[in-house]
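J.: Give me a model of this one.
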Amino acid sequence: MRSLIMNVWLSLCSYRAHVNPAVSLAMVILGKLPLKKFPVYVVAQFLGAFVGSCAVYGLYYDALMEYTNGEFAVTGANATANIFASYPAKHLSVLNGFVDQVIATAALILCILAITDKKNIGAPKGMEPLCIGLIIMAIGVSMGLNCGYPINPARDLGPRFFTAVAGWGMDVFRAGSCWWWIPVAGPMVGGAVGAGIYFLFIELHHQEPEKQEENNVQDKYEMITMS
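T.: Down below sits the predicted model:
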């Protein structure tokens, strides 16, 4: 639930702002974002997630202290590190977790590209952020069982670094058989996969404007003659 609220909120507040490195990578692959801007975006994304974690920690400091008595645990019944970053369920293997993140992020990228593609029907103007938020909610409901569907390297690694220095220690990187790299590498691969699929099966087949206009005129002519 925490991941669901955070991811949907980020999507609503950041339409076209690329707070997700996987989305930025997909845009680079499709030529919609200059490569030289990619590192700047990624650094800003990770810093933003880290600062956001500081804000959450400060806002709920008293609640954390009351619940944990000042002893922050990464795993176990009283674990609180999962408030900030994702951790795998007991049944999840490393390979399955990686595949989970590739599929979930690729689905997200495909939907974002379909919604924002000006040559596609897309969503009604002004409704794009809401549609993307609903898509993230759908991904969370359907794919969140394994690990809470991080689907954003910055949103997971930035807060994980924060917990490492804020009292949870280096166990945040060792937990779940060194799980930490899965929510980083998996979404990046998923972003590239989603971008490749969209380009090969949709964007590559867009009609040229002149040809599309001719087809529209022909369709209108056929409708008139049929009536």
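J.: ok, which stretches of the chain are helices?
T.: Listed in chain order, the helices of the chain (DSSP state H) span 2-13, 21-29, 38-59, 61-68, 94-116, 128-143, 153-166, 171-178, 182-201, 209-226.
J.: Pick the most deeply packed of those helices.
T.: helix 21-29 (a mean of 25; mean count of other C-beta atoms under 10 Å). To be clear about C-beta, it is placed using only N, CA and C from the backbone, and glycine gets the same treatment.
J.: CA atoms of that one as PDB?
T.: Only the C-alpha atoms of helix 21-29 are listed here, as PDB (Å, rounded to 0.1, in the frame of the first residue of the first chain):
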ATOM      1  CA  PRO A  21      15.300   6.700 -14.400                       C
ATOM      2  CA  ALA A  22      13.700   3.800 -16.300                       C
ATOM      3  CA  VAL A  23      11.300   6.300 -18.000                       C
ATOM      4  CA  SER A  24      14.200   8.600 -18.800                       C
ATOM      5  CA  LEU A  25      16.200   5.700 -20.300                       C
ATOM      6  CA  ALA A  26      13.200   4.800 -22.500                       C
ATOM      7  CA  MET A  27      13.000   8.400 -23.700                       C
ATOM      8  CA  VAL A  28      16.700   8.400 -24.500                       C
ATOM      9  CA  ILE A  29      16.400   5.200 -26.500                       C
END
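J.: With Ile83 as the reference, name the closest of the helices of the chain.
T.: helix 2-13 (6.3 Å; C-beta to C-beta).
J.: contacts for stretch 33-50?
T.: 18-21, 24-25, 27-28, 154-159, 161-162 (C-beta atoms under 8 Å, 6 or more residues apart in numbering).
J.: Repeat that for stretch 172-181.
T.: Contacts for stretch 172-181 (C-beta under 8 Å, 6+ apart): 74-75, 81, 85-88, 92, 94, 97, 147, 156-157, 160, 163-164.
J.: now, which of those sits nearest Tyr57?
T.: Nearest to Tyr57 among these: Thr163, at 8.6 Å, using C-beta to C-beta.
J.: And that closest one, how far from Leu35?
T.: Thr163 is 32 Å from Leu35, where distance means C-beta to C-beta, to the nearest Å.
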